[in-house]
Structures are given as structure tokens and as C-alpha cells.
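>>> everything below, folded, please.
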Amino acid sequence: MPGINMMPSGSTLQIPLDACTGFSAKAGNAQVTLTWTDPKDKYATPEGETAQDPDQLVSVWEYTQIIRKTGSQPTGPHDGELVVSSSVRDQYATTGFVDNGLTNDTLYYYAAFAYNTDGVASEGAFTSATPMAGTPLSELAEGTIIKINENGAPVEFYVAEHDYQSPLNGIGRTLILRKNLYNYIAWRSSGENAYAGSTLDNWLNNNYPSLLSSAVNTMIQETLFPYTVGNYNWAVETLSRRFFVLSMTELGKSSSDFNVEGTPLEIASSILATQTPDFPPPSDRSANANYWSRSPCISNSSMAYGIINGSGANKTTISLNYWSSRPCFTLPSTARVDQDLNLIETAVQTTALLAA
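The predicted model follows:
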């Protein structure tokens with residue numbers, strides 16, 4: 001190879017190794033778990049590497065050091081505090097090294113440097129993480145009830161599904177569903193059974209968010225889901241919303257009166273079993289446990305759809321304005337709850353989640 005003089009077996013040149021790969025940091029409670037893959041030894045030629053020819057070795061891995069720093073990223077192997085030095089190749093590639101005793105809500109920067117037998121350091125690989133108190137949503141079983149504040153008061157929500165609609169949203173978003181029913185609202189006051197732009201859709205995305213804290217609102221991102229266009233257009237397309245309601249399919253219901261939109265939730269039976277209104281009905285409407293889905297009735301364009309008492313599905317005409325809603329949205333699966341299953345709604349956590 002041009003520029004490289006061959007050395008006898010067992011002797012190497014001052015050539016740095018490649019940087020570590022797959023260097024990542026996973027935040028925990030007062031700790032960060034670090035994983036990485038150590039670089040391969042370097043050979044003078046590709047043929048030498050293929051043959052594992054010791055006479056062509058030019059740089060041999062000996063150990064990797066992890067440096068930690070706050071305030072800014074380490075600029076080199078001596079800029080920060082040594083966390084660990086590993087001389088077992090790929091020792092932490094799978095299980096990871098746990099950096100304990102950290103301060104929650106503090107951003108830590110990490111750099112990995114691989115050294116060869118001549119003591120030459122590679123270029124750095126970099127990552128960062130903010131340890132936080134609590135348990136991430138991803139570690140809670142589907143069906144777990146957590147509490148999120150509405151107007152400063154805790155309200156119960158289901159952890160309804162992890163990686164909700166992953167083909168559309170990717171992994172890492174957890175569906176959160178209000179346990180009890182909220183508000184009596186029209187599906188679409190204009191008389192059309194089209195969900196997008198409906199009175200219900202408008203209320204969910206313009207009125208309901210004001211009940212939640214700014215930190216929670218920041219964590220709630222746009223979610224993609226299948227929906228039927230409605231109003232004589234029965235195609236199933238994709239809609240993007242921050243707040244929405246479940247489809248009939250997701251609630252475990254099927255009928256020739258509505259399209260398949262998504263797949264049934266594993267906790268559908270639990271959802272149907274808990275339909276208590278949390279909001280007083282209008283004066284001209286008796287209390288009930290009926291609530292809207294987003295699925296329109298495809299057999300009659302003058303009808304929308306509601307769930308009746310958890311036992312079945314009933315169409316209702318658009319003119320019946322007062323049915324309950326059951327808001328849902330997605331949060332990052334890294335969002336955390338405290339020991340009492342209250343969502344941690346701090347600005348620090350929100351900033352850390354968005355930076356991850």
C-alpha cells in the first residue's frame with residue numbers, strides 16, 4: 001500500500017484505528033447505559049485483512065476509553081473524566097456499561113477513543129444523554145393506567161399500545177388513551193359524516209390541548225393513522241393529528257357498516273369495560289356511556305358512529321350532537337412516570353426527550 005512500509009510480524013506503525021461504532025447512550029434514573037463496538041485491527045491491504053496476515057498488521061486494538069464531560073462535548077481523550085477503560089473487545093457491545101451516580105436532569109456528553117498497542121488514540125465517537133428519575137413508558141405493560149394532569153388535576157389514562165401504527169410512525173411512540181369519557185360534543189355539526197375537519201376533530205385539536213400543560217403539549221407530536229374519508233368517499237387513507245379518537249376496528253368492533261381502520265388494540269376489552277363519563281351532560285341530555293369513534297358509517301352518509309355501553313356499535317344521525325369523546329394521542333416511549341405513575345411533566349424532561 002502506498003505510504004505504508006511493511007514491518008516485521010509483531011511490530012506496527014503509528015497508525016490510529018478507526019473510531020468505535022454504534023456508540024449510544026440510554027438514560028436511566030441517575031445513570032446512563034453506554035454501548036459501542038470496538039474497531040477491528042488494521043491491515044496494510046484488503047488482501048492482508050482477508051487472510052488475517054500478521055505480517056500486514058499496521059494497527060492493533062488494545063483498549064477503549066470512555067470520557068465524560070458536562071457543558072460541552074469532549075474535544076479529545078484528555079478533555080473530561082475517564083468513565084471506563086475496556087481491554088476486552090466488544091465487552092459492552094450488547095449489555096452496555098452502566099455509568100452510575102449521575103445527577104438527574106443534567107446533560108452528559110460522552111466520547112469513545114480506541115487505542116492501539118502503540119498508545120495511539122483513534123478519532124472520537126460521540127453521544128450524550130440526560131438521566132431522569134422515573135420509569136419510561138416503554139417499560140410499562142399495555143393496559144397500565146398512568147395519570148396526566150388536566151387543568152392541574154390528575155386524570156387517568158391507559159398506556160394503550162406501544163409503537164402505535166409503527167409502519168406509519170416508526171417505533172418509539174406510545175398511544176395514550178383517556179380512561180373515562182370527556183365532554184359531550186358533536187361529531188360534525190354540518191351534517192356530514194367525514195371525520196377530518198369535523199366538529200369533534202376541531203374540538204380535540206383546538207380546545208382539548210388547553211387542558212394539558214405546555215410540557216405535555218410539547219411532547220405530543222403529530223400521529224399518523226388510517227381513516228375513512230367519509231361523506232360519500234369511502235376510501236381508507238392516512239390522516240395526521242396530534243389528538244384524535246380511536247377507530248371502530250381498534251376498539252375491537254367489526255361490521256359491514258364501517259371500514260377496517262388499523263388493527264384491534266390488545267386492551268380493547270378493557271377499554272370497552274370502562275366507559276364512565278367525567279363530564280356533566282347538557283341539560284337536555286341524560287347521562288350515558290356512549291362515545292364517538294372516528295369511523296364513519298359507510299352504508300349511510302347521514303350517519304356517524306358511536307359505541308354503546310361497551311356491548312356493541314350503534315349508528316347515530318349527525319343531528320344527535322351530544323355524545324362523549326375519548327381523547328387519545330401519542331407520547332415518546334421514553335417519557336417517564338414517577339413511582340405513583342404520574343407522568344413527569346417537567347420542562348427539563350421535555351427538552352431531553354426532544355433532543356434524544
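>>> so how far is Ala335 from the residue nearest to Pro226 when sequence neighbours are not counted?
Spatial nearest neighbour of Pro226, excluding adjacent residues (C-beta to C-beta, 6 or more residues apart in numbering): Glu261 at 4.6 Å. Every C-beta, even on glycine, is put in place using the N, C-alpha and C of the backbone. Distance of Glu261 to Ala335, computed by C-beta to C-beta, to the nearest Å: 26 Å.
>>> please say which of these two ends up with more neighbours.
A side-by-side neighbour count of Glu261 and Ala335, using other C-beta atoms under 10 Å, places Ala335 first with 25 against 22.
>>> where does the stretch 151-300 of the chain have low pLDDT?
Within the stretch 151-300 of the chain, the ranges that satisfy pLDDT under 70 run 281-288.
>>> so which residues of it form helices?
Using DSSP state H, counting those that start in this stretch, the helices assigned to the stretch 151-300 of the chain run over residues 166-169, 199-206, 214-219, 268-273.
>>> of these, which is nearest Asp105?
Across the helices of the stretch 151-300 of the chain, the minimum distance to Asp105, taken as C-beta to C-beta, is reached by helix 214-219, at 12.9 Å.
>>> any chance of TSV for the helices of the stretch 151-300 of the chain, columns mean neighbour count and distance to Glu139?
As requested, the helices of the stretch 151-300 of the chain are exported to TSV (neighbours: other C-beta atoms under 10 Å; distance: least, C-beta to C-beta, whole Å):
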stretch	mean neighbour count	distance to Glu139
helix 166-169	13	18
helix 199-206	18	28
helix 214-219	17	17
helix 268-273	16	19
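>>> Gly28: which of the ones you listed is closest?
helix 214-219 (18.8 Å).
>>> so what's the gap between the closest one and the chain middle?
14 Å (C-alpha atoms, centre = their mean, to the nearest Å).
>>> for the stretch 151-300 of the chain, just list every one of the strands.
153-162, 173-178, 182-185, 223-230, 233-241, 291-292 (DSSP state E, counting those that start in this stretch).
>>> who does the last one touch, helix- and strand-wise?
Counting contacts by 3 or more C-beta pairs under 8 Å, 6 or more residues apart in numbering; DSSP states H and E, strand 291-292 packs against strand 303-308, strand 323-325.
>>> angle of the helix or strand just after the last one against helix 199-206?
To tie it back to what came earlier, the one meant is strand 323-325. Downstream of strand 323-325, the first helix or strand assigned by DSSP states H and E is strand 328-332. On the basis of axes from the mean of the first three to the mean of the last three C-alpha atoms, to 10 degrees, strand 328-332 is oriented at 30 degrees to helix 199-206.
>>> excluding its backbone neighbours, what's nearest Asn259?
That would be Thr228: by C-beta to C-beta, 6+ apart, it lies 4.7 Å from Asn259.
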